[in-house]
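Peer 1: pasted the sequence and its predicted model underneath.
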Amino acid sequence: MSTELETTATVAEVESAEEVTTDSLSRRLPSADPSVTEGVQGFGVKLHYYIDQVSRQAQEVFEIYQKPLIALGMALAGLLGLAIANGILNVLNAIPLVKPLLEITGLGYAGWFAWRYLRYAETRQELIQAYRRLKRRVIGDATVHLEAE
């Protein structure tokens, strides 16, 4: 490591001491020798082939395990979202009067929800229908898929 630094320092001193000439530049440029150029091109072809093979294999693995990989990705994204939300709430709870205000807001919403939807049988049915509509929009309706086939 120290020999590399010494060599670099020596080259820098020599170049700064004398005028930059084409000879000094040619010493730093890659060789124009055809065998070296062919070797570099051969390495480039091999690297391109390797990268192409790896991408094809990754695509095949993804096609085979697409659903589990998507489910795993969604689960990890959910956990990441929970961690971020937890961090934000911890910061907000550190601010005076914000924690009690958030608790009162949550209790108020829970009370309104119970009063609005759980008090009478008709409103409970309305809530169940709204839940089923949302479930159909998110998951899909099995009868629609059966009719399409």
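Peer 2: Yep, that arrived.

Peer 1: only C-alpha atoms for contact and neighbour calcs from this point on.
Peer 2: Will do.

Peer 1: any idea how far Ile88 lies from Ala58?
Peer 2: Applying Cα to Cα, to the nearest Å, the value for Ile88 to Ala58 is 36 Å.

Peer 1: and what of Gln66?
Peer 2: Taking Cα to Cα as the measure, Gln66 falls 11 Å from Ala58.

Peer 1: shaky segments in the protein?
Peer 2: The model of the chain has pLDDT under 70 over residues 1-34, 36, 142-149.

Peer 1: try 90
Peer 2: 1-45, 62, 93, 139-149 (pLDDT under 90).

Peer 1: mind listing the helices for it?
Peer 2: For the chain, applying DSSP state H gives helices covering 2-17, 22-28, 34-64, 66-94, 98-117, 121-139, 142-148.

Peer 1: just put those in JSON lines and tack on mean neighbour count.
Peer 2: Converted to JSON lines, the helices of the chain look like this (neighbours: other Cα atoms under 10 Å):
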{"stretch": "helix 2-17", "mean neighbour count": "11"}
{"stretch": "helix 22-28", "mean neighbour count": "10"}
{"stretch": "helix 34-64", "mean neighbour count": "12"}
{"stretch": "helix 66-94", "mean neighbour count": "12"}
{"stretch": "helix 98-117", "mean neighbour count": "12"}
{"stretch": "helix 121-139", "mean neighbour count": "12"}
{"stretch": "helix 142-148", "mean neighbour count": "8"}
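
Peer 1: OK, contacts around the residue nearest to the spatial centre of the chain?
Peer 2: Centroid-nearest residue in the chain, with Cα atoms, centre = their mean: Ala77, separated by 8.9 Å. Taking Cα atoms under 8 Å, 6 or more residues apart in numbering as the definition of contact, Ala77 has no neighbours.

Peer 1: 10 Å instead?
Peer 2: Ala77 makes contacts with 71, 83, as judged by Cα atoms under 10 Å, 6 or more residues apart in numbering.

Peer 1: distance of it from Ile64?
Peer 2: Taken as Cα to Cα, the span from Ala77 to Ile64 is 22 Å.

Peer 1: residues touching stretch 115-125, excluding its own?
Peer 2: 109-110, 112-114, 126-131.

Peer 1: repeat that with 8 Å
Peer 2: 126-127.

Peer 1: how far does it sit from the chain's center?
Peer 2: Relative to its chain's centre, stretch 115-125 lies at 42 Å (Cα atoms, centre = their mean, to the nearest Å).
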